[in-house]
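Asker: Make a model of this:
(chains A, B and C)
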Amino acid sequence: MHEFQKIHYVLLKQHGPQRWWPLNGKYTGKSRLSDEEKFEICVGAILTQNTSWKNVEKALCNLQKAELLKCEKIANSKREVIAALIRPTGYFNQKAKKLQLFSVHVQKRGLQAMFNQPLQKLREELLSLWGIGPETADSIILYAAQKPIFVIDAYTRRIFSRLGYCREDCVYDDLQRLLMASLPMDVKLFKEYHALIVEHAKVCCTKNNVLSDKCILKVHNLNSHNPNKIKCLPNS
DNA sequence: CGCCAGGGCCTCA
DNA sequence: TGAGGCCATGGC
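Answerer: Here you go, the predicted model:
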């Protein structure tokens, strides 16, 4: 078994199934999603940019209560109305713009038509939108469109850099290629793996806490990887 | 008070 | 391409 699969197994054993993506506060982990649910995931993916999920939940709740958590509603509302509702997530002016540009695009394009494309086509289309970067695009692809791609975020970089596989400031696509090269293209695996990374980072791999002794990855000696053996990700 | 949180865009060299 | 500034709230 490759080490990346072993790490997933160990994290799963410690933290249990995460059942992402959370939908209106609940973790169901279901794979059949309505268009409304898919859209809600997209909204959450945008709102959680550099923001704790707690604050995103408040914003989603506000949108829900105002009955604006729908593509057409967000697309046709006033910018200030959206901004006020998503205020708890911070960057509310920018994010209101991002949500509206995304919603207008989806409205014109059609969610199904977009998501039915091959993965790379979908990724290019998402990345062409203002406000959608690689992590947000990949979160949408994996959790909303349910196509196999590994989401890289600050937690992923932190954990895998501390395990010796990359630099903490490594290039997004480089780390993504490294991880995906040794894992089966499995949507459920990628969903759970990413969720487990987030959970693990929150619980015992925080910024100021470098692989503590209670960290299961350290216990299993999975941090013995030598970056000189397998080529450390080039940053330049 | 400071740091951090499931980033991304813009500018400038 | 890369470093640095900017966006901004809430929890601890």
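Asker: Now do the buried residues in the lowest-mean-pLDDT helix or strand in chain A.
Answerer: When each helix and strand of chain A is scored by mean pLDDT, DSSP states H and E, helix A:216-219 comes last, with a mean of 72. Neighbour counts using 16 or more other Cβ atoms under 10 Å place A:216-218 of helix A:216-219 among the buried residues. Where C-beta positions appear, they are placed from N, C-alpha and C, glycine not excepted.
Asker: and it, what other elements does it pack with?
Answerer: helix A:3-15, helix A:187-204 (3 or more Cβ pairs under 8 Å, 6 or more residues apart in numbering; DSSP states H and E).
Asker: In TSV: the buried residues of helix A:216-219, plus distance to residue A:204.
Answerer: Formatted as TSV, the buried residues of helix A:216-219 follow (distance: Cβ to Cβ, whole Å):
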residue	distance to residue A:204
A:216	8
A:217	9
A:218	9
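Asker: give me every residue that touches the residue nearest to the spatial centre of chain A.
Answerer: The centroid of chain A falls nearest to residue A:139 when counting by Cα atoms, centre = their mean (4.0 Å). Residue A:139 is in contact with A:41, A:45, A:151, counting by Cβ atoms under 8 Å, 6 or more residues apart in numbering.
Asker: Which ones, among these, also lie beside DNA strand B?
Answerer: Residues of the contacts of residue A:139 in contact with DNA strand B (Cβ under 7 Å from any atom of the strand): residue A:45.
Asker: Next one: residue A:199 relative to DNA strand B, how far apart?
Answerer: 9 Å (Cβ to the nearest atom of the strand, to the nearest Å).
Asker: and if you look at residue A:86?
Answerer: Distance, residue A:86 to DNA strand B, using Cβ to the nearest atom of the strand: 13 Å.
Asker: Could you find the closest non-adjacent residue to that residue?
Answerer: What sits nearest to residue A:86 in space, not counting adjacent residues and going by Cβ to Cβ, 6 or more residues apart in numbering, is residue A:59, at 4.1 Å.
Asker: quick one, phi psi at the residue in chain A positioned nearest to DNA strand B?
Answerer: Relative to DNA strand B, the nearest point of chain A is residue A:133 (2.3 Å; Cβ to the nearest atom of the strand). When read as degrees, to the nearest 10, the backbone of residue A:133 gives phi -100, psi -170.
Asker: which ones are touching it?
Answerer: Applying Cβ under 8 Å, 6+ apart, the residues contacting residue A:133 are A:49, A:127.
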